[in-house]
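Student: how would this look folded up:
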Amino acid sequence: MHLTRLCGAAGLWFSLTTVPAVTQQPNDACARAVRLVTSGEATNEHEGWALAQVVGCPEGPAAIVARWRAADNRPDALAQLRAWNYQVHDQRIADVAMELARDPSRPASLRLLALETLVAYFDPRATGLVDLNPRVGSQPPAADLPDRVYALSRSLTTDPNPAIARAAKHEWQTLTDVRPNAVALPAGTLSLVTMCGRKFRLANHGDIDLSVELVWATGRPPRKHRIPAHGMLDLTIAGDETVRLLFGGQEVASAATGQVACR
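Tutor: Numbers count the residues shown, from 1 in each chain. As a prediction, this is how the structure comes out:
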């Protein structure tokens with residue numbers, strides 16, 4: 001299940017039906033929209049146009065940040081924050097989402113939405129909504145933001161709130177699967193050792209499942225395996241040669257055929 005479903009389908013419908021035009025809004029319209037959104041006066045029932053207008057304004061992200069900081073766990077407030085996430089990306093919005101995701105004093109539903117919001121900043125493919133193309137705000141996301149999002153998801157897997165910990169682990173797994181070549185595994189997470197002869201043992205010492213490839217010098221087709229967290233796989237190869245273990249296209253371990261035959 002993609003993280004975009006954590007807070008319900010209603011917010012997704014809202015996000016898909018409120019995407020504004022990409023033309024820059026006039027300054028007077030922007031000034032009014034920013035004021036209404038920042039103050040909280042803009043709602044679906046009152047001055048709702050400002051909710052759509054604000055994403056096209058230079059100071060729109062700052063107004064959206066103000067709404068994040070004032071947000072509670074009301075479904076309509078969460079739905080609007082989610083809608084904005086699919087319309088505009090800005091470093092200030094990412095920063096406040098990271099701040100709130102970490103904050104144990106905030107409602108769990110808001111923290112879950114903050115985690116969900118950050119997925120798109122790592123890689124849109126992880127959201128399952130790759131056809132959406134948000135505009136970039138006046139403060140574009142920093143180059144190191146994906147690394148920070150990945151580190152946050154991993155760190156929150158030990159959060160005292162079980163719902164946050166489960167969501168963070170799911171996000172950590174999703175981000176790893178989507179962009180394994182962007183992930184730096186801690187040393188020793190994956191191992192490949194020779195048991196005897198042509199028998200090898202592949203082990204995953206990490207806390208999430210990992211997809212790997214085994215390749216041979218002879219150029220035979222690689223073998224792909226999904227190794228569960230803290231799992232292992234014993235395998236036997238056909239030839240006498242060195243086996244290389246790849247994760248995300250990078251070699252992480254290798255092992256040669258053993259000198260002692262298997263009994």
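Student: give the contact list for A253.
Tutor: 190-192, 244-245 (Cβ atoms under 8 Å, 6 or more residues apart in numbering). Bear in mind the C-beta positions are built from the backbone N, C-alpha and C, glycine included.
Student: quick one: buried ones out of the residues you listed?
Tutor: Neighbour-count burial within the contacts of A253 applies to 190, 192, 244-245; the criterion is 16 or more other Cβ atoms under 10 Å.
Student: same list (these) but as CSV, adding secondary structure.
Tutor: Formatted as CSV, those follow (DSSP: H, G, I helix; E, B strand; the rest coil):
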residue, secondary structure
L190, strand
L192, strand
R244, strand
L245, strand
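Student: which residue is the nearest non-sequential neighbour of F247?
Tutor: V212 (5.2 Å; Cβ to Cβ, 6 or more residues apart in numbering).
Student: which SS class is that neighbour?
Tutor: V212 ends up strand, using three-state DSSP.
Student: on the strand side of things, show who it bridges to.
Tutor: Beta-bridge partners recorded for V212 (DSSP bridges): H225.
Student: same question for S191.
Tutor: Applying DSSP bridges, one finds that S191 bridges with A203.
Student: right, and it touches L210 too?
Tutor: No. Using Cβ atoms under 8 Å, S191 is not in contact with L210; the gap is 11.5 Å.
Student: about what we covered before: report the two of the contacts of A253 separated the most.
Tutor: S191 and R244 (13.0 Å; Cβ to Cβ).
Student: where along the stretch 101-250 of the chain do the helices fall?
Tutor: 108-122, 145-155, 162-178 (DSSP state H, counting those that start in this stretch).
Student: any idea which of these is most buried?
Tutor: helix 108-122 (a mean of 23; mean count of other Cβ atoms under 10 Å).
Student: quick one: mean pLDDT for it?
Tutor: Helix 108-122 carries an average pLDDT of 95.
Student: that one packs against which elements?
Tutor: helix 75-85, helix 91-102, helix 145-155, helix 162-178 (3 or more Cβ pairs under 8 Å, 6 or more residues apart in numbering; DSSP states H and E).
Student: okay if I get those helices as CSV plus distance to V252 and mean pLDDT?
Tutor: Shown next, in CSV, are the helices and strands packed on helix 108-122 (distance: least, Cβ to Cβ, whole Å; pLDDT from 0 to 100):
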stretch, distance to V252, mean pLDDT
helix 75-85, 34, 94
helix 91-102, 29, 98
helix 145-155, 17, 95
helix 162-178, 14, 96
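Student: any chance of those helices in JSON lines, with distance to S138 too?
Tutor: Shown next, in JSON lines, are these (distance: least, Cβ to Cβ, whole Å):
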{"stretch": "helix 75-85", "distance to S138": "15"}
{"stretch": "helix 91-102", "distance to S138": "9"}
{"stretch": "helix 145-155", "distance to S138": "16"}
{"stretch": "helix 162-178", "distance to S138": "27"}
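Student: related to what we said a few turns ago, may I ask which of the buried ones among the contacts of A253 comes out lowest in pLDDT?
Tutor: Scoring the buried ones among the contacts of A253 by pLDDT puts R244 last, at 91.
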